[in-house]
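Colleague: the following comprises the amino acid sequence and a computationally predicted model.
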Amino acid sequence: MESRNLAAPLMTLKILWVALTFSNLIYGYVLTTLGAGMRFFVPQSYQPLDALALGLGALLFVTYALHEKKIALEENVTKRFPFYVICWALHESLVVVAFAAVLTSPDKNLFIYAVNLILALFGNILTFPRAPQLRR
């Protein structure tokens, strides 16, 4: 009976995870279809928005700490729900800021987006919703 109570919220979390993970990839698709002049190289200097986009990579560590301290220890899946959504929204903000940085930069460098996309996908993989550990 308990597994039925767990299945529905866990499935909802997994659906949200897939939607928010693949939305990060959609931004990349938009950048590549918009950008005939887009290039990929490691920049020698950064614009302010580029530096902000790369600095937001620290959010990955914040969300992973939140995951380990709040989410992974909570046995009730419905109580874990908001923390998961917050983590995934922060990961998506990495990609959105990088998306804006690429669109507004004069050299249209995709490096910033690629780095933040990898960080966001890595963060989403780390916080994939799992059934709680059963106590013995």
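Modeller: Nice, I can see it. Numbering: from 1, shown residues only.
Colleague: you'd agree Ala131 is in a helix?
Modeller: No: according to DSSP: H, G, I helix; E, B strand; the rest coil, Ala131 belongs to no helix; its state is coil.
Colleague: verify the stated contact: it with Leu10.
Modeller: Yes: Ala131 is within contact range of Leu10, at 6.2 Å (criterion: Cβ atoms under 8 Å). The C-beta positions use only the backbone N, C-alpha and C, and glycine is treated the same way.
Colleague: how close does the closest residue to Leu56 other than its chain neighbours sit to Pro82?
Modeller: The shortest distance from Leu56 to any non-neighbouring residue, by Cβ to Cβ, 6 or more residues apart in numbering, is to Leu94 (5.2 Å). The gap separating Leu94 from Pro82 is 19 Å, by Cβ to Cβ, to the nearest Å.
Colleague: and those two? which has more neighbours close in?
Modeller: Just comparing Leu94 and Pro82: by other Cβ atoms under 10 Å the higher neighbour count belongs to Leu94, 27 against 11.
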